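> model this:
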Amino acid sequence: MESVRSFLERHLQSIFDADVEGYQATTVPELTLYEWYITPHRIDGLPFHEFMMAESQREDSAAFALDPQPNDPTPSGRVRLRFDLANYHEQVYEGVAVCSYTLLISKGAAEGVKVFSYNESRVLIPAGDSWKVVHVHKSPSWNASFQPPE
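Residues are numbered from 1 along each chain as shown. As a prediction, the model looks like this:
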């Protein structure tokens, strides 16, 4: 069976590459997510991200599916990206794997390199000789206030 870490990196790379087929192959259709920088509510299913990835591939878009704050909203502002998994921790039990880490995203652009991060957990289940992601939870990697701003 493919190692959890290798699978996870392949899954994340499919998102960075806006590879919808790769994303679908590594994710269950009934995926659930919490992405604090997009909405405070749970997101269900694949269509939300499939749309984001398809839009990020358009010539007239500077968007990137995992970038909550693009520097430049114009197509000429497209950046080069890489990711690293800091503080990676893996828990594997019968029928489930839980990965938690701080996702570091490095963005290279004309103005230089910037790195931003957030904490993430992904829950995986076995699927043949590999895995599939069933749930994702993201949170800020800095002290967020307990209560929302007034």
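
> List the buried residues for the helix or strand of the chain at the bottom of the mean pLDDT ranking?
Within the chain, no helix or strand scores below helix 47-56, which has a mean of 84 by mean pLDDT, DSSP states H and E. Buried residues in helix 47-56, counted by 16 or more other CB atoms under 10 Å: 49-50, 52-53, 56. (Glycine included, C-beta is placed from N, CA and C.)

> So which of those is the closest to Tyr101?
His49 (19.2 Å; CB to CB).

> Just give the nearest non-adjacent residue to Phe83, would you?
Ile105 (5.4 Å; CB to CB, 6 or more residues apart in numbering).

> My guess is the one you found contacts Leu85. True?
No: using CB atoms under 8 Å as the test, Ile105 is too far from Leu85 to be in contact (10.8 Å).

> Sketch out the low-pLDDT regions of this structure for me.
Residues of the chain meeting the criterion pLDDT under 70: 59-79.

> Looking at it, which strand is longest?
If you go by DSSP state E, the chain has its longest strand at strand 112-127.

> Now it: buried residues?
Buried, per 16+ other CB under 10 Å, within strand 112-127: 117-120, 122-124, 127.

> Measure how the following helix or strand past it sits relative to strand 112-127, angle-wise.
Heading C-terminal from strand 112-127, the first helix or strand you meet, by DSSP states H and E, is strand 130-140. Per axes from the mean of the first three to the mean of the last three CA atoms, to 10 degrees, the angle that strand 130-140 makes with strand 112-127 is 140 degrees.

> Walk me through which strands strand 130-140 pairs with, and which way each runs.
Note on strand 130-140: by DSSP bridges, its sheet partners are strand 27-35 (parallel), strand 112-127 (antiparallel).
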